[in-house]
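Enquirer: Based on what follows, work out the 3D shape:
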Amino acid sequence: MLSFVYKSINRLLPFATPGTPLTTDLIHLVVLCGLLYYAPQIQTIIKDKLLKDPNTAQSQQNESPTQHAATNDPPLDQPQAQADPNPPPPAAINANPPNIAQPDAIPDPAPPPPPVDPAPADGAPGPAHAAGPDPSSIRNRQVGAKKAKSLARRDQRRAYNEFQRSQGEAQRAREAEGAAEREAALAEERARRATVEAELREAERREREERKERERREEAKERRAREVAVGIVRDAVRERGWVDLGEVASRVGRGREWLEGLVRVEGMLGEREGEVTMVTGEGWLVRVAEGDMREVWRVLERRVNVSDAERVGFDEVGNVLEGILRSKGEVAV
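Expert: Coordinates of the predicted model:
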């Protein structure tokens, strides 16, 4: 079982072989993973160190005078000496061709010593107080191209931040100029709005109270009209057996349809204890009792016996009932 696990792990590792020990493979794997993980950080640190360390450029500048002295060439930061107005003839320059050994040649004489500098005039700066090189040239010699770009970007950021800060200060100064006037104007506007809102609330309250009072009066008036109309109809039906709904409705300031609906709501229509109360097509409320119908059938029976008719129509029944009700009062059925 353990060998199977070792073989599986060896196969899973990308650089392992079955012959290497498992511990070696694991150590290699850990080292490789660590290098892959820390490689970007190491690269960034090295790059920052190279950008921030000006010693390399300084050492190159310090080595340049020695090289120029060894080769008898003027330094780069000094202008090239003027050409000799009387150059030697070409034969003197290339008297001995290069790459040819001349053991018996006489060695070149040593260069003459430099001339002694004359004494400085009165008031002129001496060697101890001689003017040094231009600071800008020193800075240009000591700073490389990448460092110069970095410094330029830093200067741009500093200038941008300074511009933003100055803009913010100017904006704050402008805002602080009229702060008191604006606060006073805002306070006045808030007071005016509060007054207007209070007036609107008071008007809404009065309107609500007036509406409630009006609804209360209308309800009371409607209730009195209902009571009066129902009372008149009940008394008339009880005394005469019929009543004109249109005439009663006009007395209370309403219409006949309103009174017909009220009569139905009050339950005055229908059959009750041998009596039928109904509303005719002309708007009359009539009450027909059982005795009235017996009288109608007696009248119809006498007419049939006299006229020897076989059939009685509804019109004739209505006419007979109308005549009987007329005896109690005039009504149109």
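Enquirer: CA only for contacts and neighbour counts going forward, please
Expert: Noted.
Enquirer: Quickly list what residue 278 is bridged to.
Expert: Counting by DSSP bridges, residue 278 is bridged to residue 286.
Enquirer: what's the weakest-modelled helix or strand in the chain?
Expert: Lowest by mean pLDDT, DSSP states H and E among the helices and strands of the chain is helix 90-93, with a mean of 42.
Enquirer: Could you find the closest non-adjacent residue to residue 147?
Expert: Once flanking residues are discounted, residue 147 sits nearest to residue 51: 6.0 Å by C-alpha to C-alpha, 6 or more residues apart in numbering.
Enquirer: Hmm, residue 146 and that neighbour touching each other?
Expert: Yes: counting by C-alpha atoms under 8 Å, residue 146 is a contact partner of residue 51 at 7.0 Å.
Enquirer: Same drill for those two, tell me which one is more crowded.
Expert: residue 51 (16 against 12; other C-alpha atoms under 10 Å).
Enquirer: element containing the more buried one?
Expert: Following DSSP states H and E, one finds residue 51 within helix 22-52.
Enquirer: Buried residues of that helix, list them for me.
Expert: 22, 25, 29, 51 (16 or more other C-alpha atoms under 10 Å).
Enquirer: Would you format those residues as CSV with pLDDT included?
Expert: Below are these laid out as CSV (pLDDT from 0 to 100):
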residue, pLDDT
22, 76
25, 76
29, 82
51, 84
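Enquirer: could those residues be laid out in TSV, adding distance to residue 8?
Expert: Compiled in TSV, those are given as follows (distance: C-alpha to C-alpha, whole Å):
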residue	distance to residue 8
22	11
25	13
29	16
51	48
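Enquirer: Going by distance to residue 273, which of those residues wins?
Expert: Top of the list for closeness to residue 273, among the buried residues of helix 22-52 and by C-alpha to C-alpha, is residue 29 at 112.6 Å.
Enquirer: what's the distance between that closest one and residue 36?
Expert: According to C-alpha to C-alpha, to the nearest Å, residue 29 and residue 36 sit 11 Å apart.
Enquirer: Residue 219 now?
Expert: Residue 219 is 92 Å from residue 36, by C-alpha to C-alpha.
Enquirer: any idea where the strands of the protein begin and end?
Expert: Using DSSP state E, the strands of the chain run over 242-244, 270-272, 275-279, 284-289.
Enquirer: And these: which comes nearest residue 6?
Expert: strand 270-272 (106.2 Å).
Enquirer: avg pLDDT for stretch 178-191?
Expert: Stretch 178-191 shows a mean pLDDT of 88.
Enquirer: Kindly report the same for stretch 233-248.
Expert: 85.
Enquirer: Okay, now that stretch: how far is its last residue from its first?
Expert: For stretch 233-248, by C-alpha to C-alpha, the gap between its terminal residues amounts to 8 Å.
Enquirer: tell me which residues of that stretch are tucked away?
Expert: 233, 236, 237, 241, 242, 243, 244, 245, 246, 248.
Enquirer: contact partners of that stretch?
Expert: With contact meaning C-alpha atoms under 8 Å, 6 or more residues apart in numbering, stretch 233-248 is reached by 229, 232, 255-256, 259-260, 283-288, 328-329, 331.
Enquirer: Now for those: which two are most distant?
Expert: Among the contacts of stretch 233-248, 255 and 328 lie farthest apart (C-alpha to C-alpha), at 25.8 Å.
Enquirer: of the two, who's got more company?
Expert: residue 255 (15 against 12).
Enquirer: With adjacent residues omitted, what lies nearest to that one?
Expert: Here the residue nearest residue 255, using C-alpha to C-alpha, 6+ apart, is residue 249, at 5.4 Å.
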